[in-house]
Structure formats: C-alpha cells, structure tokens
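Trainee: sequence-free structure coming up:
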C-alpha cells in the first residue's frame, strides 16, 4: 500500500507538491483551532460553574475578583458586566457592555477557521490545473508517435494526469469536513456566551427588583 501511494504521488507530477503543502497548512490550522476551541469551551464551562453560585448569593465583589484575573471569554464578559453594573442605571447598559466584550471575543474564536474552506478550494483547483496541464502534455506527445501506439500512450498519460485531480479532492474533502466541525464548535461556544449573558443580566435584574 505504501508503495502504491508513493507511486501515485510521483506519477501525479509537479502539482502534487503544492497540494501537499496546502494539506500540511490546513492540518496545522485544524489542529491548533481544535485545541484552542476545546480548551476555551472547557474553561468557560468550568469558570461559569464557579462564578454562578457567587452571583446567586449576591457576592459580586468576589465574582469580580475571579473574573478579572482570568482571560477566558466568559470571564472577560462577566467582568465587563460586573464593572458596568456599579454605574449602570438600566439593563440595556449592562447588556451593551457585555456585547462590546463579546465583539472582542468572537474574532478570536473564529480566527483562521475560514482559511480551511479556502484551502479546500485551492486544493481542488490545483488538482484540476495539474490535470489540464498533464492532458495538454499528453496530447502534444501523442501527436509525435506511431499511430499504432497513440491509444495506449494516451490512455496511460490521461490516467497519470487524473492523479492530480484525485489528490486535490482527497485533500479538499477532509478539509471541508474539518471546517464544518470547527464552525459547529465555534457556534456552540458563541451560543453559550450569549446564554450566559442573558442569565447574568436576568439574575442581576431579579435581585435588583427584589431589593
């Protein structure tokens, strides 16, 4: 199997190398984003479980001390909300402060993920370009050989030229799947942040009304 893979790659021509380079960059970005998003989701969930009881007890100072010392997305938002709560006269001001913080957090969550879709398209296009150039060379070479050998040489050349398109699709399909997975994880984190914002503001308003 290894020999077949090496032979497949070598017969594909020069365009196999840029496609391989696209694959390497795409996998590196995928791994980095997956680790970052997984860690972000875990830390957000852990810290929210720690902070929520403090908010429910009305211990805002302790909650602020915890959130202000962490750089996680949830803590940045809650810290902004707790800081604005001291001077805010209504719900909208607190929500605006937390939404402002979320606008800073979201680009960090979505960072580099969109490149994967671009790399998938590039891999496909490089594969097609390599195949077209291979076919041009094949037809040019066939025009100069014995007519009895044309069919055999042409079929062999076309088969080799198609390797580039096949490799481009082999790279593009996994990158698109990974892109979809990372987009889903990112959306889930953003939704959880929005839910935390609503819970926080509702809790603050209910306690303010009760007092």
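Mentor: Right, received. Where do you want to start? Owing to the predicted nature of the structure, the values given are computational and were not obtained by experimental measurement.
Trainee: alpha carbons only for contacts and neighbour counts from here, please
Mentor: Fine.
Trainee: Ramachandran coordinates for the residue nearest in space to the middle of the chain?
Mentor: Nearest to the mean C-alpha position of the chain, by C-alpha atoms, centre = their mean, lies residue 113 at 2.8 Å. With angles defined as degrees, to the nearest 10, residue 113 sits at phi -60, psi -40.
Trainee: Pull the contacting residues for it.
Mentor: 29-30, 33, 179, 182-183 (C-alpha atoms under 8 Å, 6 or more residues apart in numbering).
Trainee: Do a quick rundown of the helices in the protein.
Mentor: Secondary structure of the chain (DSSP state H): helices located at 2-11, 16-57, 60-68, 73-85, 91-110, 114-142, 147-210.
Trainee: before we move on, back to that, what's the ChimeraX line that selects buried ones from the contacts of residue 113?
Mentor: Buried residues within the contacts of residue 113, by 16 or more other C-alpha atoms under 10 Å, are selected in ChimeraX with:
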select :29,30,33,179,182,183
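Trainee: Greatest separation within the contacts of residue 113: which pair is it?
Mentor: Across the contacts of residue 113, no pair lies farther apart than 29 and 183, at 13.1 Å, counting by C-alpha to C-alpha.
Trainee: one step back: select from the helices of the chain the stretch with the lowest mean pLDDT.
Mentor: Sorting the helices of the chain by mean pLDDT places helix 2-11 lowest, at a mean of 75.
Trainee: got the buried residues for that one?
Mentor: 8-9, 11.
Trainee: Next: stretch 57-74.
Mentor: For stretch 57-74, by 16+ other C-alpha under 10 Å, it's 60, 63-64, 66-68, 72-74.
Trainee: can you check stretch 192-205 too?
Mentor: Neighbour-count burial for stretch 192-205 [16+ other C-alpha under 10 Å]: 192-194, 196-197, 200-201, 203-204.
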